[in-house]
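Below are the sequence and a predicted model for it; my questions follow.
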Amino acid sequence: MLKGRDLLSIHELSVDEVEMILNFAAELKAMQKAGVPHKILEGKTLGMIFEKSSTRTRVSFEVGMYQLGGNALFLSNRDLQLGRGEPIKDTARVLSRYLDGIMIRTYGHDRVVELAKYADIPIINGLTDLLHPCQVLTDLLTIREHKGKNLKNLKMAYVGDGNNMTNSYMYGAAKVGMTLTVATPANYKPNNEVFNNAVEDAKQTGASINWVEDPIEAVKGADIVVTDTWASMGQEAEHDERKKIFTPYQVNRELLSYADKRAIVMHCLPAYRDEEITDDVFEANANVIFDEAENRLHTQKAIMALTMAD
């Protein structure tokens, strides 16, 4: 169903395709834990273009390709003529002659779209300023592990900046039927087009996608509370200003007192302790957060296998 396809956005996946990715990721995780070989991509090579650095993205994709029997090439701007101004459409057509798939982690989403337009091989969005689909698919797998496979009766609250994670959570929640309430300051709302698309997607599953300004309103009765850094990569100069604006959106014990008493807290990392999340709340939920980090490996293996296997 996904063979030869790009994965740029959860919005472009069907409800069944999201379910398939999550189920296959769980299967691959079980195989890995049991020591069962799964060389699905033997002889295949993934190119990994990094215009934004990362710990989890690089290690999970590279190790994932190794475990699937394939090879991965790390390609920074210093390694590619992209760094000297070669058009991305030319890079796409050249790399399509050498590789079996490309993962790209970059700034503008238009770069991923253009790469996919001109490449003849699957393109995987490892992160853009607009979307982070691999992380949110990972988080859905993690929620299933901690809250059960039926996600339709769950309520999620996202508290913080309306960034690429927020946008992808809206798409992800819509596809699996969850209730998602996003709380951000009024001037830091998630992307309006993404919000409208997610509301439309939600009609297929009975999901509910909402925005509020009040973090307490968002968190009331929530089964999952999620946050992210207040200043994403490239926004470091805004850190001090953002810290003042987002302080009321800190995930702390007081805010969590409004959530369900069995609520879990998630964070895609890196986390800045005592800014978007207090150290005590982070440590109390560390098992979930590091399951979430590990699951990048298993979910991305599923994505690579489903799109790149013969």
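The structure has been received and is ready for your questions.

all helices for the stretch 1-150 of the chain, in order.
15-34, 56-67, 88-98, 109-118, 133-147 (DSSP state H, counting those that start in this stretch).

what comes up buried for the first one?
Burial within helix 15-34, assessed by neighbour count using 16 or more other CB atoms under 10 Å, is assigned to Glu17, Val18, Glu19, Met20, Ile21, Leu22, Phe24, Ala25, Ala26, Leu28, Lys29, Gln32. (Each C-beta comes from the backbone N, C-alpha and C, glycine too.)

name the helices or strands packed onto that helix?
helix 133-147, helix 164-176, helix 286-308 (3 or more CB pairs under 8 Å, 6 or more residues apart in numbering; DSSP states H and E).

wait, which of the helices of the stretch 1-150 of the chain is closest to Gly221?
helix 133-147 (13.9 Å; CB to CB).

The closest one: what's the following helix or strand?
Note on helix 133-147: by DSSP states H and E, the next helix or strand toward the C-terminus is strand 155-159.

buried residues in that following strand?
Neighbour counts over strand 155-159 (16+ other CB under 10 Å) mark Lys155, Met156, Ala157, Tyr158, Val159 as buried.

just stretch 296-310 next, same as before
Counting neighbours by 16+ other CB under 10 Å, one finds that the buried residues in stretch 296-310 are 296-309.

State the distance from Asn187 to Val219.
21 Å (CB to CB, to the nearest Å).

is it possible to export the helices of the stretch 1-150 of the chain to a markdown table including mean pLDDT?
As requested, the helices of the stretch 1-150 of the chain are arranged in a markdown table below (pLDDT from 0 to 100):
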| stretch | mean pLDDT |
| --- | --- |
| helix 15-34 | 98 |
| helix 56-67 | 98 |
| helix 88-98 | 96 |
| helix 109-118 | 97 |
| helix 133-147 | 98 |
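
tell me the most buried of the ones you listed?
helix 133-147 (a mean of 24; mean count of other CB atoms under 10 Å).

Just list what it packs against, helices and strands only.
Using 3+ CB pairs under 8 Å, 6+ apart, helix 133-147 is in contact with helix 15-34, strand 123-127, helix 164-176, strand 224-227, strand 264-267, helix 286-308.

Tabulate these (JSON lines), appending distance to Leu82.
Shown next, in JSON lines, are the helices and strands packed on helix 133-147 (distance: least, CB to CB, whole Å):
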{"stretch": "helix 15-34", "distance to Leu82": "29"}
{"stretch": "strand 123-127", "distance to Leu82": "14"}
{"stretch": "helix 164-176", "distance to Leu82": "21"}
{"stretch": "strand 224-227", "distance to Leu82": "33"}
{"stretch": "strand 264-267", "distance to Leu82": "31"}
{"stretch": "helix 286-308", "distance to Leu82": "22"}
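
Out of those, flag the one nearest Ile143.
Ile143 lies closest to strand 224-227 among these, at 5.9 Å (CB to CB).

Output the closest one as PDB, restricted to C-alpha atoms.
Backbone C-alpha positions of strand 224-227 (Å, rounded to 0.1, in the frame of the first residue of the first chain) are rendered in PDB as follows:
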ATOM      1  CA  ILE A 224      -2.100  12.300  27.700                       C
ATOM      2  CA  VAL A 225      -0.300  15.700  28.200                       C
ATOM      3  CA  VAL A 226       2.300  16.600  25.600                       C
ATOM      4  CA  THR A 227       4.700  19.500  25.400                       C
END
